[in-house]
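**Q** Return atomic coordinates for the entry below.
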Amino acid sequence: VVQIFRKSDTAEASHILLMDKDTEASKKTLEKMKKEIGNDAAKFAELAKKHSKCPSSRQGGNLGVFKRGDMAPPFDRAVFSPSNPLRTTIGPVETSFGVHLIYIHDRKIQ
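**A** As a prediction, this is how the structure comes out:
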């Protein structure tokens, strides 16, 4: 199946990035955080400020609005997948940057 994506698709998401060399340990840590967060955006932001290794941690992990293709491919697929509902915590998702928990605020598929 070939899918053609339009660059006009956008999303807004926050993330918590862990960059430990031991990705399995990072995944376990993020799974614990995910249970604590549930789908609470405020709790997600609080934990992102405390634990995320990304500069976005200062904004509670908020990455703002971005286009399809702007993020690492596994991150992009997770955020733009219609099977991942809005306003939910998803992950852990592993990318070349590390392991992420992602909170999808909004998604617009053109």
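
**Q** When you work out contacts or count neighbours from here on, use the C-alpha atoms and nothing else.
**A** Will do.

**Q** ok, and the closest non-adjacent residue to residue 62?
**A** residue 14 (4.0 Å; Cα to Cα, 6 or more residues apart in numbering).

**Q** contacting residues for the one you found?
**A** By Cα atoms under 8 Å, 6 or more residues apart in numbering, the residues touching residue 14 are 45, 60-64, 102-105.

**Q** That one and residue 66: what is the separation?
**A** According to Cα to Cα, to the nearest Å, residue 14 stands 11 Å off from residue 66.

**Q** what's the answer for residue 12, then?
**A** Distance from residue 12 to residue 66, by Cα to Cα: 6 Å.

**Q** Any figure for the gap between the residue nearest to residue 62 and residue 88?
**A** When residue 14 is compared with residue 88 (using Cα to Cα), they lie 11 Å apart.

**Q** Just give me the longest strand of the protein.
**A** Assignment by DSSP state E gives strand 98-108 as the longest strand of the chain.

**Q** got the angle between the helix or strand where residue 35 lies and strand 98-108?
**A** Element membership for residue 35, per DSSP states H and E: helix 23-37. Calculated by axes from the mean of the first three to the mean of the last three Cα atoms, to 10 degrees, helix 23-37 forms an angle of 50 degrees with strand 98-108.

**Q** Quick one: list the elements packing against helix 23-37.
**A** Judged by 3 or more Cα pairs under 8 Å, 6 or more residues apart in numbering; DSSP states H and E, helix 23-37 is in contact with helix 41-51, strand 89-95, strand 98-108.

**Q** Spatially, and excluding backbone neighbours, which residue is closest to residue 10.
**A** Take residue 10 and drop its neighbours on the chain: the residue closest to it by Cα to Cα, 6+ apart is residue 67, 4.4 Å away.

**Q** With residue 93 instead?
**A** Nearest one to residue 93, counting by Cα to Cα, 6+ apart, is residue 100 at 5.1 Å.

**Q** now residue 16
**A** residue 52 (4.6 Å).

**Q** And for residue 90?
**A** Here the residue nearest residue 90, using Cα to Cα, 6+ apart, is residue 102, at 5.2 Å.
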